[in-house]
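>>> sequence and computational prediction follow.
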Amino acid sequence: MLLPLLLAATAGQGAAERVSSGLNVELKDVPTVTTYGDEGAFDFDVFIIGAGSGGIRLAKTLSRQKQLKVGIAESRDFGGTCVNRGCNPKKTLVAASAFLTDMEQATAHSIWNVTAEMSWNSLQKWRAKKVSNIAKFYNTSLKGTRNVEVFEEGARVVGDHQVEIGADTHKTVRLLVLATGGRPRRMSFPGSDLPNVITSDEALELKHKPTSMLVVGGGYIAAELASFFLQVGADVTMAMRSSLLKSFDSDVSGLVEDSLLRRGLHISQGNVPASIVQSSRSNMLEVEMTDGQKLEAEYVLLAIGREPLTADLGLDTVGVALHESGKVPVNKYGQTQAPWIFAIGDIVAGGMELQPVAVKQADHLADVILRDSSINTAPTVQPPVPDEHVATALFATPRAGSVGLTEAEANKRFPADVTVLVEKSEPCCSAIYSWELRKVVYRTSDERLLGIHLAGKGADELVQVFGIVMAVDPTWTQFKSALPVHPTSTEYFVFMNSYKSKRKGNWRLSECPASCPS
Ligand code: NAP
C-alpha cells in the first residue's frame, strides 16, 4: 500500500488546505447521532443545509434509520448545481449536439449524403424538461419520506446547536451538515455586469442560439461550453490567462485544443477582457482585452472557476473560521472546528469540486455518524478516495478522460523513474472524427500504474473503467496481460509498449505541412 500513501501525501493546493485542517483526529472523538448531545432533546438529530447531490444523498441514507429526525433546507432548486445548472443540463446539450460529429463521420468519403438543421427551441425545451423531471424527482422523493422534513428556504447557524430557517423559524439540531455548494465566480472590470456578460448558469439556458461568444477561462467549464457553442455553429473565441485545460495531461489538452481549432475555435492566449461596452449599433459587446486587442461578441461567458456559498451560513457565531478560499476546513471525518458541524461537497477546503466526490463524502459521513460507537474504523470523508483514484471526463468534442497523475506530475514526483506510453492519431492528414489519444504512465522501478489518459470518441464512458482499474492499483504487466478486444481502437491500450513514444513528427496541428497527399 505504499503507493496510495505516497500519492495522497502530495496533492498540491488541495493537500495544503487539508493538512491545516487536522487530518489526525481520532474517530472516538467524532460524534455519532446517538452518542452526541445526551443533555437534551433536539428538534432534529441531523439537519442538512443544501439539497444538492451530497445533501440529498445524505438525507436519503439517514432517512432509512426510521428513529432519526432529519431536516433539510434548500433556498434554490432541489438537486443543486449538477442537476439544475451543471452536469445534467450540460450533458443534455452536449449529447444532442454530438449528432454533428456523427454526421462528420457519415459524410466522410461521400458514403452518406446528410443535411440537417438543429432546432434551438426544441433543444432548450428538451433540456428544461430533463432538468425539471430530475429536480422534481428529488424534491418529491424527499418530501414523501416520513422522517425527513423539507424546508424550501435558506438556513444558517445562529448559536450552539441552533439554526434559523428562513426569516423566523428556529430549530435545535444535534448534528448539522453543511452542503451548500457553490456558484460561478464573476470578474470585476468596467462592463462586467452588462446583461450579456454571463456565466455557465445563464449560458445553458439561452433563449436563442448565439451568433458569437467570447469564453473567458480555460478550465473544464470553459472548454466544454466553448466546444458546445462551436458545435452548434457559433463563432467562438476562448480567452485564457494561461493555457487550455492546464490540469489535464498536456498530450490530452493538446489534442482537444487542436480539435477545437480545426473546428473553427479562435484562441486568445495570455489575455482576458479589460473592459466591455454594449455596442450602440448592434446587439454586440465591444471587448477590449488586457493586451489592447479589440474583439466583438454577442455574449461574453465568464468561466473562471466557482466560489463556495458559505458567507451567509453564520459560522462565525460558533467559532468556525473559513479558509481564505471561503471554503470550510474539515478533518478527515468531515468535521469542522465546531464538533457538531460537518461539511461535504464543493465547500470543503481541499476538496475536489465534483458531484461524485460529494456523493461519496455523503456516504462516508453517513458511515461515520451512524456507526456503532464501539467500532473504531470508518471511511474518511475528506478525501473520500485518494485524489489519484478520481476519474473525470471532459464533455467536449472530442471527449477526454483522465485518472491519476499526468506525465508532468509523475515526473515531478518520481524523477527519472517514470515510463510513458503514448499513442495518438496524427493530426495533419487524418479525418478529425478519428483523432484519438491513449496514454499510460507508470513508475519504472515497480511498474505501478500512475495515470491513464485518453481522448476521442467514447473517452467519457471508457474512463470509468480505467477509474476502476486504478482503484485496484495494478502494475503495467498486470494491466497489459488483458486480452485485446479486436477490432477496437482501445485494444491499443494493451499493445502500447510496441508503439513506445511515437511523439515525433507531426504531433500537433501547428507542425503540419501546408498540404496533404491526395
Ligand atoms: P477550473 O477548471 O478550475 O478552471 C478555471 C479556469 O479559469 C482556469 O483556466 C483558470 O486559469 C481561469 N481563471 C481563474 N481565475 C481567473 C481570473 N481571475 N482571470 C482569468 N482566468 C481565470 O474551473 P471551472 O471550469 O469553472 O470548473 C469548476 C469546477 O467544476 C472544477 O473544479 C471542475 O473540476 C468542475 N467541473 C468538472 C467537470 C467535469 O468533470 N466534466 C465539468 C465542469 C466542471 P488558470 O489555468 O490560469 O488558473
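Cool, got the structure.
>>> please count neighbours and contacts with C-alpha atoms only from this point.
Fine.
>>> and the closest residue to the ligand within the stretch 1-150 of the chain, backbone torsions?
In the stretch 1-150 of the chain, the residue that lies nearest the ligand is residue 87 (6.6 Å; CA to the nearest ligand atom). With angles defined as degrees, to the nearest 10, residue 87 sits at phi -50, psi -40.
>>> spatially nearest residue to it (excluding sequence neighbours)?
Nearest non-adjacent residue to residue 87, counting by CA to CA, 6 or more residues apart in numbering: residue 81, 7.7 Å away.
>>> can you tell me what sits against the helix or strand that neighbour falls within?
Taking DSSP states H and E as the definition, one finds residue 81 inside helix 80-85. Identification of contacts with helix 80-85 by CA atoms under 8 Å, 6 or more residues apart in numbering yields 50-53, 77, 87-89, 131-132, 134-135, 181-183, 200-201, 204, 355.
>>> sort out for me which of those residues are in helices.
53, 87, 88, 89, 131, 132, 134, 135, 200, 201, 355 (DSSP state H).
>>> the second one: neighbour count?
Okay, so that is residue 87. 15 (other CA atoms under 10 Å).
>>> and if you look at residue 296?
Residue 296 has 20 nearby residues by other CA under 10 Å.
>>> also residue 231?
Count around residue 231 with other CA under 10 Å applied: 23.
>>> how far does the longest strand along the chain sit from its chain's centre?
Longest strand of the chain, by residue count under DSSP state E: strand 169-178. Centre-to-centre, strand 169-178 and its host chain are 29 Å apart (CA atoms, centre = their mean, to the nearest Å).
>>> helices and strands around it, which ones?
strand 44-49, strand 162-165, strand 341-343 (3 or more CA pairs under 8 Å, 6 or more residues apart in numbering; DSSP states H and E).
>>> of these, which stretch is the most buried?
Compared across these, strand 341-343 shows the largest average neighbour count, a mean of 27 (mean count of other CA atoms under 10 Å).
>>> what does this protein have sitting close to the ligand?
Proximity of the chain to the ligand, by CA under 6 Å from any ligand atom, involves residues 217-222, 240-243, 246, 303-306, 353-354, 392-395.
>>> could you rerun that using 8 Å?
86-87, 184-185, 187, 216-224, 240-247, 272, 303-306, 352-354, 392-395 (CA under 8 Å from any ligand atom).
>>> narrow the residues you listed to those in helices?
87, 220, 221, 222, 223, 224.
>>> report the backbone C-alpha coordinates of the longest strand of the chain in PDB.
Extracted C-alpha coordinates of strand 169-178, given in PDB (Å, rounded to 0.1, in the frame of the first residue of the first chain):
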ATOM      1  CA  THR A 169     -38.100  29.600  12.200                       C
ATOM      2  CA  HIS A 170     -35.700  28.400  14.900                       C
ATOM      3  CA  LYS A 171     -34.800  24.800  15.500                       C
ATOM      4  CA  THR A 172     -32.400  22.900  17.600                       C
ATOM      5  CA  VAL A 173     -30.200  20.300  15.900                       C
ATOM      6  CA  ARG A 174     -28.000  17.600  17.300                       C
ATOM      7  CA  LEU A 175     -25.700  17.400  14.300                       C
ATOM      8  CA  LEU A 176     -25.500  19.800  11.400                       C
ATOM      9  CA  VAL A 177     -24.200  19.100   7.900                       C
ATOM     10  CA  LEU A 178     -23.300  21.900   5.500                       C
END
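>>> which other residues reach that strand?
So strand 169-178 is contacted by 33, 36-37, 42-50, 55, 161-165, 340-344 (CA under 8 Å, 6+ apart).
>>> same deal with stretch 359-371?
For stretch 359-371, contacts defined as CA under 8 Å, 6+ apart pick out 30-34, 53-55, 57-58, 61-62, 333-334, 344-345, 378-384.
>>> which stretches of the stretch 151-300 of the chain have low pLDDT?
Counting by pLDDT under 70, the stretch 151-300 of the chain contains no low-confidence range.
>>> could you pull out the strands in it for me?
155-159, 162-165, 169-178, 182-184, 197-198, 212-216, 235-240, 266-269, 273-278, 285-289, 294-297, 299-302 (DSSP state E, counting those that start in this stretch).
>>> could you do the stretch 301-450 of the chain as well?
Counting by DSSP E, counting those that start in this stretch, the strands of the stretch 301-450 of the chain are 306-308, 341-343, 392-394, 400-404, 418-424, 437-443, 449-455.
>>> residues in contact with the third one?
Think strand 392-394. 220, 224, 399, 400, 401, 402, 403, 459, 460, 461, 463, 464.
>>> what pairs with it, parallel or antiparallel?
strand 400-404 (antiparallel) (DSSP bridges).
>>> average pLDDT across the partner strand?
Mean pLDDT, computed over strand 400-404, is 98.
>>> how about residue 456: what's its closest non-neighbour residue?
residue 436 (4.5 Å).
>>> do the same with residue 463
Going by CA to CA, 6+ apart, residue 463 has residue 401 as its nearest residue, at 5.3 Å.
>>> could you give the number of residues near the residue nearest to residue 496 when sequence neighbours are not counted?
Of all residues not flanking residue 496 in the chain, residue 421 sits nearest, at 6.3 Å (CA to CA, 6+ apart). Neighbourhood size, residue 421 [other CA under 10 Å]: 21.
>>> same deal with residue 107?
Count around residue 107 with other CA under 10 Å applied: 13.
>>> from memory it sits against residue 116, does it?
No. Applying CA atoms under 8 Å, one finds residue 107 not in contact with residue 116, separated by 11.7 Å.
>>> need the overlap of contacts for the two.
Here residue 107 and residue 116 have no joint contacts, going by CA under 8 Å, 6+ apart.
>>> if we can go back for a sec, quick one: the longest strand of the chain to strand 44-49, angle?
70 degrees (axes from the mean of the first three to the mean of the last three CA atoms, to 10 degrees).
>>> who does strand 169-178 pair up with?
In its sheet, and by DSSP bridges, strand 169-178 pairs with strand 44-49 (parallel), strand 162-165 (antiparallel), strand 341-343 (parallel).
>>> can you give me the buried ones in that strand?
Within strand 169-178, the residues that qualify as buried by neighbour count (16 or more other CA atoms under 10 Å) are 170, 171, 172, 173, 174, 175, 176, 177, 178.
>>> identify the bridge partners of the third one.
Residue 172 has the following beta-bridge partners by DSSP bridges: residue 162.
>>> measure how buried the residue nearest to residue 277 when sequence neighbours are not counted is and give me the count.
Spatial nearest neighbour of residue 277, chain neighbours left out: residue 286 (5.3 Å); criterion: CA to CA, 6+ apart. Neighbour count for residue 286, taken as other CA under 10 Å: 20.
>>> check contacts around residue 286.
Contacts of residue 286 (CA under 8 Å, 6+ apart): 276, 277, 278, 279, 294, 295, 296, 297.
>>> residue 298 is in contact with residue 210, correct?
Yes. With contact defined as CA under 8 Å, residue 210 reaches residue 298; the gap is 6.7 Å.
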